[in-house]
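>>> Got a sequence here, can you model it:
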Amino acid sequence: MTEQEHVAAIAALNDACRAEPGAGWMLTAGVQGLGAAPLAKVVTAVKAFDAFTEDNNPHGERDFGAFELGGQRLFWKIDYYDLDLCMASPDPADPAVTKRVLTLMLAEEY
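Numbers count the residues shown, from 1 in each chain. Predicted structure coming up:
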């Protein structure tokens with residue numbers, strides 16, 4: 001696999017992670033405290049996020065995003081762990097050895 005193919009595989013897996021809220025998503029206390037209706041809008045915004053630029057996506061993996069919604073600035077970040085969630089993944093392009101965790105937070109919680 002070339003480096004470009006490796007990055008493209010990681011990006012595709014990250015897109016799939018963003019598309020499926022629930023398992024693998026961690027919501028900070030601030031995000032959980034937004035309430036049901038705002039939270040639903042925030043989740044929809046993460047799922048639809050496509051504003052990747054060289055500044056927020058320098059490696060092409062589509063693993064970070066920042067946006068504003070309802071007067072709140074939010075960040076999301078995908079990290080790659082081994083299957084036991086104890087260490088970094090040995091290969092984020094291989095779903096057989098990687099668990100993705102998407103953390104969604106208010107910018108003020110960073």
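
>>> After the helix or strand encompassing residue 15, which helix or strand is next?
If you go by DSSP states H and E, residue 15 is part of helix 3-19. The helix or strand immediately downstream of helix 3-19 is strand 25-27, counting by DSSP H and E.

>>> Please name the nearest non-neighbouring residue to residue 98.
residue 89 (4.0 Å; Cβ to Cβ, 6 or more residues apart in numbering). Where you see a C-beta, it was placed from the backbone N, CA and C, and this is true even at glycine.

>>> Hmm, residue 95 and that neighbour touching each other?
No. Contact criterion Cβ atoms under 8 Å: residue 89 and residue 95 do not qualify, at 9.6 Å.

>>> more neighbours, the two?
Between residue 89 and residue 95, counting by other Cβ atoms under 10 Å, residue 89 is the more crowded of the two (18 against 15).

>>> Which strands and helices lie in contact with the helix holding residue 15?
Contacts defined by 3 or more Cβ pairs under 8 Å, 6 or more residues apart in numbering; DSSP states H and E place helix 3-19 against helix 36-48, strand 72-81, strand 99-106.

>>> Compile these into a markdown table and extend it with columns for mean neighbour count.
A markdown table is the format used below for the helices and strands packed on helix 3-19 (neighbours: other Cβ atoms under 10 Å):
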| stretch | mean neighbour count |
| --- | --- |
| helix 36-48 | 14 |
| strand 72-81 | 18 |
| strand 99-106 | 18 |
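
>>> closest to residue 6 out of the ones you listed?
Across the helices and strands packed on helix 3-19, residue 6 has its closest neighbour in strand 72-81 (12.5 Å, Cβ to Cβ).

>>> now the closest one and helix 36-48, what's the angle there?
Relative orientation of strand 72-81 and helix 36-48, computed by axes from the mean of the first three to the mean of the last three Cα atoms, to 10 degrees: 50 degrees.

>>> Tell me what angle strand 72-81 forms with helix 3-19.
120 degrees.

>>> Any idea which of the helices and strands packed on helix 3-19 gets closest to residue 7?
strand 72-81 (12.9 Å).
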